[in-house]
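Novice: show me the folded form of this:
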Amino acid sequence: MDSNKSTPILHNTSSPSIGQPMSSSYGDQWLGTEDTHIRRRSSLNDTPRLNNKRTATTKSERRATQERQRAEKARIDSLRRVQQQMNSSDTTTTTTTKKKDALKVSRKSILNHLPVSKKPNTDLHKHLHPSVLTLSLLFWDYKIVGSNARCVAVLETLRKVIEDHRPPASATFTRDIQKHLEPHIDFLLNIRYFSLSVREMIRYVKKAMSDLVAVHPPLSDGEAKKLLTNSISQFITARITVADQLIVQYGLSKIEDEGDVILTFAKSSVVESLLLKAKQIGKDFSVVIIDSRPLLEGKNLLKRLTQAGITCQYTLISSIYIALKDVTKVILGSHCILNNGSSYSRIGSAIVAMAATDNMIPVMICAETYKFTNRTQVDSLVMNEKGNPEDLVNQGVLVDWKQISNLNVINLLYDVTPAKYISLVITEVGVIPCTSAPVIWREYK
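Specialist: Numbering: from 1, shown residues only. As a prediction, this is how the structure comes out:
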């Protein structure tokens with residue numbers, strides 16, 4: 001074994017062999033004198049001191065370096081947090097702004113698919129018949145309201161247009177009249193949206209015009225014109241005037257002569273005729289009139305009924321549950337009876353019918369058969385008409401509503417009353433359940 005490798009701190013490599021006596025020099029090195037041991041201890045102790053000093057210096061430098069690194073890291077982290085907060089704030093602001101903009105756009109665009117009545121510009125449509133221009137102004141200003149009144153006004157106006165029409169020399173009356181009426185109907189349609197009952201009536205007129213073409217031998221212009229105008233007059237007489245008289249006769253059997261309290265909403269011409277006729281034949285009853293803004297049509301009905309000596313109570317729709325306290329039956333008008341048995345009528349009718357059903361009060365609808373349609377509608381948003389929003393905010397805190405961000409005022413004119421809230425429908429062909437609406441449309445369309 002190499003002694004240099006086993007004892008690296010000794011400079012003397014002369015070590016005894018195994019089994020040989022130890023030499024004095026080797027013993028002196030290991031056993032030495034006291035001075036030798038003192039010097040050896042001193043030399044051994046000096047090295048750790050130097051190492052400790054160097055270690056201390058190194059640790060202090062390292063500690064200082066670490067402190068500088070921590071400070072730098074803390075500064076960078078602080079800057080990073082500030083930047084993140086700024087970015088987060090910008091993102092939040094941007095998101096909030098986007099949400100506000102989206103909400104603003106959504107509110108501005110809500111129910112944008114529904115038509116709004118527009119004031120007619122008669123100067124740009126001087127080529128149209130004067131009676132059509134006059135009717136458009138009356139429609140726009142709500143001087144003619146109610147389904148029957150609007151239907152009669154449109155039919156009478158179209159009859160005047162037909163009577164005054166002179167076809168060109170190159171065409172016959174039967175071939176030219178439909179082309180002539182189209183711009184007049186479109187003009188009225190753009191001024192104010194036609195109700196479903198008016199649309200059914202327009203279909204009747206168009207069918208009558210198309211039937212003239214199929215007549216063989218062909219009719220002369222005078223004969224065709226007379227036949228078409230007579231057809232319109234017959235529609236007004238049979239499907240509206242006489243139909244209302246028959247509805248009144250059927251409705252009288254539903255009014256008890258024992259202090260009945262009848263509630264109605266706004267103003268319906270056929271309901272008005274029914275109540276006046278019941279008073280005329282001496283029945284004892286009273287009427288509760290529920291009305292709503294902005295048209296307040298019930299005021300006209302109230303005036304007519306009180307002049308006839310009928311005891312009336314007038315209130316707004318907000319008091320419907322209080323008004324229903326002593327009511328025995330509800331009688332309403334309708335603009336249209338849909339194919340699923342629902343009633344399409346002036347806004348507020350659905351609330352009245354639902355409140356009455358909630359109080360177990362029967363709800364009766366008076367409607368002529370020409371108002372039955374093959375259309376089905378389960379809500380009031382698919383098809384409706386929007387009135388002038390200024391009519392709702394002409395007073396109070398919403399006068400300056402256009403200056404308020406994210407505010408949109410909607411003045412809906414119609415709603416849909418589901419069939420489950422309707423007890424029966426009184427027509428000129430009898431009293432029927434609302435579920436028979438498809439049969440009526442098929443037989444009397």
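Novice: show the residue spans covered by the strands in the stretch 301-445 of the chain.
Specialist: Secondary structure of the stretch 301-445 of the chain (DSSP state E, counting those that start in this stretch): strands at 311-316, 329-333, 336-337, 343-346, 363-366, 414-417, 424-427, 430-432.
Novice: could the ones you listed go into CSV alongside mean pLDDT and distance to residue 120?
Specialist: C-beta here means a position set from N, CA and C on the backbone, and glycine is covered the same way. Converted to CSV, these look like this (pLDDT from 0 to 100; distance: least, C-beta to C-beta, whole Å):
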stretch, mean pLDDT, distance to residue 120
strand 311-316, 95, 32
strand 329-333, 96, 27
strand 336-337, 92, 25
strand 343-346, 92, 23
strand 363-366, 97, 32
strand 414-417, 93, 22
strand 424-427, 96, 35
strand 430-432, 94, 39
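Novice: so which of those is nearest residue 84?
Specialist: Of all those, strand 414-417 sits nearest to residue 84, with 52.2 Å by C-beta to C-beta.
Novice: in its sheet, what does that closest one sit against?
Specialist: The strands beside strand 414-417 in its sheet (DSSP bridges) come out as strand 343-346 (antiparallel).
Novice: list the buried residues of the strand it pairs with.
Specialist: For strand 343-346, the neighbour count (16 or more other C-beta atoms under 10 Å) marks 343-346 as buried.
Novice: what comes into contact with it?
Specialist: The set of residues external to strand 343-346 that reach it, using C-beta atoms under 8 Å, 6 or more residues apart in numbering, is 195-196, 265-266, 297, 332-338, 349, 353, 365, 367, 377, 413-417, 422, 434.
Novice: which among those residues end up buried?
Specialist: 195-196, 265-266, 297, 332-338, 349, 353, 365, 367, 377, 413-417, 422, 434.
Novice: circling back to that earlier point, as CSV, the strands of the stretch 301-445 of the chain with distance to residue 290 would be great.
Specialist: CSV is the format used below for the strands of the stretch 301-445 of the chain (distance: least, C-beta to C-beta, whole Å):
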stretch, distance to residue 290
strand 311-316, 6
strand 329-333, 9
strand 336-337, 20
strand 343-346, 11
strand 363-366, 13
strand 414-417, 14
strand 424-427, 19
strand 430-432, 23
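Novice: for these, which one sits closest to residue 244?
Specialist: Comparing those by C-beta to C-beta, strand 363-366 comes nearest, at 8.5 Å.
Novice: how does the chain divide up, domain by domain?
Specialist: The chain breaks down into these domains under automatic domain parsing: 25-103, 122-244, 256-444.
Novice: hang on, residue 290 in a strand?
Specialist: Yes - with DSSP: H, G, I helix; E, B strand; the rest coil as the criterion, residue 290 is located in a strand.
Novice: for beta bridges, what are the partners of it?
Specialist: Beta-bridge partners of residue 290, as defined by DSSP bridges: residue 265, residue 315.
Novice: tell me the contacts of it?
Specialist: Residue 290 touches 263-266, 298, 315-317, 319-320, 323, 348, 352, counting by C-beta under 8 Å, 6+ apart.
Novice: could you do residue 123 as well?
Specialist: Residues near residue 123 by C-beta under 8 Å, 6+ apart: none.
Novice: surely it is in a strand?
Specialist: No - assignment of residue 123 by three-state DSSP gives helix, placing it outside any strand.
Novice: residue 165 contacts residue 173, doesn't it?
Specialist: Yes - at 7.4 Å, residue 165 and residue 173 qualify as touching, with contact defined as C-beta atoms under 8 Å.
Novice: so where's the stretch 151-300 of the chain uncertain?
Specialist: Scanning the stretch 151-300 of the chain for pLDDT under 70 picks out no residues.
Novice: all helices for the protein, in order.
Specialist: For the chain, applying DSSP state H gives helices covering 3-6, 24-31, 34-109, 130-140, 147-164, 173-191, 196-214, 221-235, 242-252, 269-280, 298-307, 320-323, 349-358, 437-444.
Novice: I'd like those written out as a markdown table, with distance to residue 117 added.
Specialist: Shown next, in a markdown table, are the helices of the chain (distance: least, C-beta to C-beta, whole Å):
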| stretch | distance to residue 117 |
| --- | --- |
| helix 3-6 | 113 |
| helix 24-31 | 123 |
| helix 34-109 | 19 |
| helix 130-140 | 6 |
| helix 147-164 | 12 |
| helix 173-191 | 6 |
| helix 196-214 | 14 |
| helix 221-235 | 25 |
| helix 242-252 | 27 |
| helix 269-280 | 21 |
| helix 298-307 | 20 |
| helix 320-323 | 27 |
| helix 349-358 | 20 |
| helix 437-444 | 28 |
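Novice: quick one, which of those gets closest to residue 389.
Specialist: So among those, helix 34-109 is nearest, using C-beta to C-beta, at 12.3 Å.
Novice: about what we covered before: now, which of the buried residues of strand 343-346 sits nearest residue 134?
Specialist: Among the buried residues of strand 343-346, residue 346 lies closest to residue 134 (C-beta to C-beta), at 24.2 Å.
Novice: partners of the closest one in the sheet?
Specialist: Beta-bridge partners recorded for residue 346 (DSSP bridges): residue 414.
Novice: contacts for stretch 147-155 next, please.
Specialist: For stretch 147-155, contacts defined as C-beta under 8 Å, 6+ apart pick out 135, 138-139, 144, 188, 194-195, 197-198, 201-202, 205, 232, 235-236, 240, 244, 269-270, 333-336, 368, 370-371.
Novice: endpoints of stretch 214-224, how far apart?
Specialist: 11 Å (C-alpha to C-alpha, to the nearest Å).
Novice: how about it: buried residues?
Specialist: In stretch 214-224, counting by 16+ other C-beta under 10 Å, buried: 219, 221, 224.
Novice: and those residues as TSV, adding distance to residue 386?
Specialist: Shown next, in TSV, are the buried residues of stretch 214-224 (distance: C-beta to C-beta, whole Å):
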residue	distance to residue 386
219	43
221	42
224	39
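Novice: pLDDT weak spots in the stretch 301-445 of the chain?
Specialist: Ranges of the stretch 301-445 of the chain meeting pLDDT under 70: 394-397.
Novice: do you know how far residue 172 is from residue 178?
Specialist: Applying C-beta to C-beta, to the nearest Å, the value for residue 172 to residue 178 is 12 Å.
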